[in-house]
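Asker: Build me a structure from this.
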Amino acid sequence: MKPVEDLKKEHQAIKLMLKILTEVARGLETGQAADLKDLNDILEFLKVFADRCHHAKEEQLLFPALEKAGLPREQGPLGVMLNEHNEGRALVREMEEALDGIARGQERAGLNFARQARAYIDLLSGHIDKEDNVLYPLADDRLGRKARETLEVGFERLEREIIGPGRHQEFHRLLERLGKKYLEPGKSN
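Answerer: From the prediction side, this is the model:
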């Protein structure tokens with residue numbers, strides 16, 4: 001699989017989690033009780049799958065390859081993507097703090113979680129669109145066969161070292177479970 005195709009496939013999983021998170025936020029906004037395990041699992045997915053795996057592939061491998069191919073790091077699409085990765089990390093930290101508040105029974109913590117979740121969903125939705133439609137086509141145009149092969153090997157190594165064997169499949173099972181619960185009510189019981 002080409003590196004860009006691998007990243008786009010991961011985007012599909014992240015977009016599914018964003019749909020689930022949208023439904024979770026909607027529930028919290030209407031006063032539904034939060035399922036703390038689900039909220040923890042969602043944050044784990046965002047921190048490990050989306051950030052430590054997917055964003056790490058971009059930041060540690062793809063972006064340096066694009067820099068080497070002539071794209072400046074600080075200006076243009078690479079700088080925007082790096083800033084948005086950092087914004088996303090900050091929003092996940094805010095959701096974690098709100099989750100702690102939910103666990104302690106703080107009155108407005110669920111609404112705060114939902115507000116941060118919606119900001120994250122908006123950010124990541126636009127971010128994914130920019131990567132799929134601007135950055136990745138640039139990568140396909142600028143990176144030669146050798147650079148793509150190096151990225152493929154690097155992606156596999158990074159995934160093994162950072163998230164470990166079998167973890168990718170666990171995250172896909174999580175998406176399936178949460179998808180049935182939040183996107184297809186009635187099928188989770």
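
Asker: Is Gln32 within a helix or a strand, and which one?
Answerer: Secondary structure assigned from DSSP states H and E places Gln32 in neither a helix nor a strand.

Asker: separation between it and Met17?
Answerer: Relative to Met17, Gln32 is positioned 19 Å away (CB to CB, to the nearest Å). To be clear about C-beta, it is placed using only N, CA and C from the backbone, and glycine gets the same treatment.

Asker: Out of the two, name the residue with the larger neighbour count.
Answerer: Neighbour count, other CB atoms under 10 Å: between Gln32 and Met17, Met17 has more, with 23 against 11.

Asker: residue contacts, the more buried one?
Answerer: Contacts for Met17 (CB atoms under 8 Å, 6 or more residues apart in numbering) come out as 42, 45-46, 49-50, 175, 178.

Asker: Farthest-apart pair in those residues, please.
Answerer: Taking CB to CB as the measure, the contacts of Met17 span a maximum distance of 14.2 Å, between Ala50 and Leu178.

Asker: For the residue nearest the centre of the chain, give me its contacts.
Answerer: Among the residues of the chain, Ala50 comes closest to the average C-alpha position under CA atoms, centre = their mean, at 3.0 Å. When the contact criterion is CB under 8 Å, 6+ apart, the partners of Ala50 are 14, 17, 88, 124.

Asker: out of the residues you listed, who's nearest Gly70?
Answerer: Compare each of the contacts of Ala50 with Gly70 using CB to CB and the shortest gap goes to Gly88, at 26.5 Å.

Asker: Who are the contact partners of that closest one?
Answerer: Taking CB under 8 Å, 6+ apart as the definition of contact, the neighbours of Gly88 are 46, 50-51, 55, 120, 123-124, 127.

Asker: Report the next helix or strand after the helix or strand hosting it in sequence order.
Answerer: When elements are defined using DSSP H and E, Gly88 is found to belong to helix 76-103. Secondary structure here is assigned by DSSP H and E; on that basis, the next helix or strand after helix 76-103 toward the C-terminus is helix 109-130.

Asker: For stretch 130-146, which residues meet the burial criterion?
Answerer: Residues of stretch 130-146 classed as buried under the neighbour-count rule (16 or more other CB atoms under 10 Å) are 131, 135-136, 138-139, 143.

Asker: Would you convert these into TSV that also reports pLDDT?
Answerer: Conversion of the buried residues of stretch 130-146 to TSV gives the following (pLDDT from 0 to 100):
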residue	pLDDT
Glu131	96
Leu135	94
Tyr136	95
Leu138	92
Ala139	94
Leu143	94
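
Asker: Can you list which of those residues are found in strands?
Answerer: When strands are assigned by DSSP state E, not one member of the buried residues of stretch 130-146 lies inside them.

Asker: returning to what we had before: how about a markdown table for the contacts of Met17, with pLDDT, distance to Arg148 and secondary structure added?
Answerer: Below are the contacts of Met17 laid out as a markdown table (pLDDT from 0 to 100; distance: CB to CB, whole Å; DSSP: H, G, I helix; E, B strand; the rest coil):
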| residue | pLDDT | distance to Arg148 | secondary structure |
| --- | --- | --- | --- |
| Ile42 | 98 | 32 | helix |
| Phe45 | 97 | 27 | helix |
| Leu46 | 98 | 28 | helix |
| Phe49 | 95 | 23 | helix |
| Ala50 | 96 | 23 | helix |
| Leu175 | 97 | 27 | helix |
| Leu178 | 97 | 33 | helix |
